[in-house]
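**Student:** model this:
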Amino acid sequence: MSEANTPQTPELSQDGLAEDLARADLYGLLANLFFQPPDQILLDQISASGNSEAQDNQAPLANVWMNLVEAAKNSKAADWKAEYDSSFLGVGKPNIFLYGSYYLAGHLHEKPLLDIRRSLLQFGLEASDSVAETEDHIAALFEVMRYLIAGEDVGVSNLTNQRVFFNDHIRAWYDDLCDAIDADPETHLYKAVSALTREFLAIESQSFDMV
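**Tutor:** Sure, this is the predicted structure:
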């Protein structure tokens, strides 16, 4: 998203700021991992980070984060690229689709994509010309969430919009995507990404239910 690439941080309490920055960072990392395979610099950063991405009171999230750290430590960028290309690109139909329309409507470029575009217009966002993926790609949706958490315009980047966008465009199908990754016998490294995605978004779902 052209206006979601460089989010700024709104004014929050110190505790709220730290929590929201952590959420935004994790959405950003997952967006990066799903948009393209990580390079060695990112893998080294993940390997060196330990459990810094996890909250102390969220042991399940800490556990799945450490699984990703271990996967990053014990692999090279070339391994991730080979798996990404095989699982999410492939020749013809990919093993695993990363698009919401596929899981919600059974086909690509269906009504869920149009619904997302309407939501983005309400936020004043539009797809970047340099990005070939459609707006229902999981990485694009995570980038929008990052912007809604950490963007400068509090009229757009606020908890209400986060909850509505998440519930309308992510919540109904992220488990299906994770199930597809977990079930694919050729996918190994991205199972750690799937586990982190599933646990993090489950926490997000619970938090939004309390709003």
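**Student:** rest of the way, CA atoms for contacts and neighbours
**Tutor:** OK.
**Student:** what about the protein, any weak spots by pLDDT?
**Tutor:** The chain contains residues with pLDDT under 70 at 1-16, 51-58, 129-131.
**Student:** Which stretches in it count as helices?
**Tutor:** Using DSSP state H, the helices of the chain run over residues 14-35, 40-49, 59-73, 77-84, 100-105, 111-123, 138-150, 159-169, 174-183, 190-209.
**Student:** ranking those helices by burial, who's on top?
**Tutor:** helix 138-150 (a mean of 25; mean count of other CA atoms under 10 Å).
**Student:** which residues does the nearest residue to residue 40 once chain neighbours are set aside contact?
**Tutor:** Spatial nearest neighbour of residue 40, excluding adjacent residues (CA to CA, 6 or more residues apart in numbering): residue 77 at 5.1 Å. Counting by CA atoms under 8 Å, 6 or more residues apart in numbering, residue 77 touches 37, 38, 39, 40, 43.
**Student:** In CSV, list the helices of the chain along with distance to residue 90.
**Tutor:** Formatted as CSV, the helices of the chain follow (distance: least, CA to CA, whole Å):
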stretch, distance to residue 90
helix 14-35, 15
helix 40-49, 22
helix 59-73, 22
helix 77-84, 9
helix 100-105, 16
helix 111-123, 22
helix 138-150, 18
helix 159-169, 26
helix 174-183, 14
helix 190-209, 15
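**Student:** Residue 93 is nearest to which of those?
**Tutor:** Evaluated over the helices of the chain, closeness to residue 93 peaks at helix 100-105, with 12.0 Å, by CA to CA.
**Student:** Show me what the closest one is packed up against.
**Tutor:** On a contact count with 3 or more CA pairs under 8 Å, 6 or more residues apart in numbering; DSSP states H and E, helix 100-105 meets helix 111-123.
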